[in-house]
Structure formats: structure tokens, C-alpha cells
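J.: Could you look at this predicted model? Sequence included:
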Amino acid sequence: QVQLVESGGGAVQAGGSLRLSCAASGRTFSNYAMGWFRQAPGKEREFVAAISRTGGSTDYADSVKGRFTISRDNAKNTVYLQMNSLKPEDTAVYYCAADTRGSIRTVVAGAGLDYWGQGTQVTVSS
């Protein structure tokens, strides 16, 4: 069983920055492709960013390209999401997720992922 625990959410003004962290339990974190998703009130959950097992490949939703950066530290079993130039439309609960088979494509598709965190709230005011 893998547990994912997000942190780093909060309230910020438009144009500000936040860094989310997702700490994973288990010894095989480096085998997992990881991703971040978000869900705004009244909307479906959507893909934000994904990263391969080694961190060598990343992918982003068009809405966050150039503003958000996903990274990981396999020694710390942690994946990060650096969010810059935040906009009010970035307001959502942010979730991290893991694909234990290591497929970044599966993460991007957002279906059949093995584990999800409990989410952390990000609120951006104008």
C-alpha cells in the first residue's frame, strides 16, 4: 500500500507563487510515474502535470505550461509542483497521484491510477 500526502497549499494573490509537495510512503517510489491533478468547485478533476520515473520526461496541461514546473526527488520520495504566476482560475484542490507501473502516459490520461493523495487547497485571489 502506498500513501501519498500533499502539502504546501494555501491562499495567495494573483501573480504569486506556491510550491506543493507530495510525499510518498514505500520503498519503490522511483518506479512510479507521478502526476498532479486539480479539481475546482463544480468542475471535473483535470490533469495538471506528470513526470516520469527518473524525472527525465515531463508533461503539462496547456493551461499551466510555462508557469508550473513538476519535479521529483527520489531520495526523498517526494514530487513537487512549483506554481508561478498564479491566476484565480488556478483555484482548486490539488491532488497527486501515482502509477506504480511507471507509465507517464497513464498519468497524463488520468485513468487507472493506483494511488491518490487526499488533496491540498490552493486559492488564488484577484
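T.: Perfect, I can see it now. This structure is a prediction, so every number in the text was calculated from the model and none was measured. Numbers count the residues shown, from 1 in each chain.
J.: Just the buried residues of the least confident helix or strand in the chain by mean pLDDT, please?
T.: Every helix and strand of the chain was ranked by mean pLDDT, DSSP states H and E. The lowest is helix 104-109, at a mean of 92. Across helix 104-109, burial judged by 16 or more other CB atoms under 10 Å covers 104, 106-108. C-betas here are computed from N, CA, C, even on glycine.
J.: Run the chain-centre distance for it.
T.: 12 Å (CA atoms, centre = their mean, to the nearest Å).
J.: for that helix, packing partners?
T.: strand 33-39, strand 46-51, strand 58-60, strand 92-99 (3 or more CB pairs under 8 Å, 6 or more residues apart in numbering; DSSP states H and E).
J.: and the residue nearest to R38 when sequence neighbours are not counted, how far is that from S57?
T.: In space, and not counting its chain neighbours, R38 is closest to A92: 3.8 Å by CB to CB, 6 or more residues apart in numbering. Distance from A92 to S57, counting by CB to CB, to the nearest Å: 24 Å.
J.: And these two? Which one has more around it.
T.: Legend: neighbour count by other CB atoms under 10 Å for A92 and S57, higher for A92 (22 against 12).
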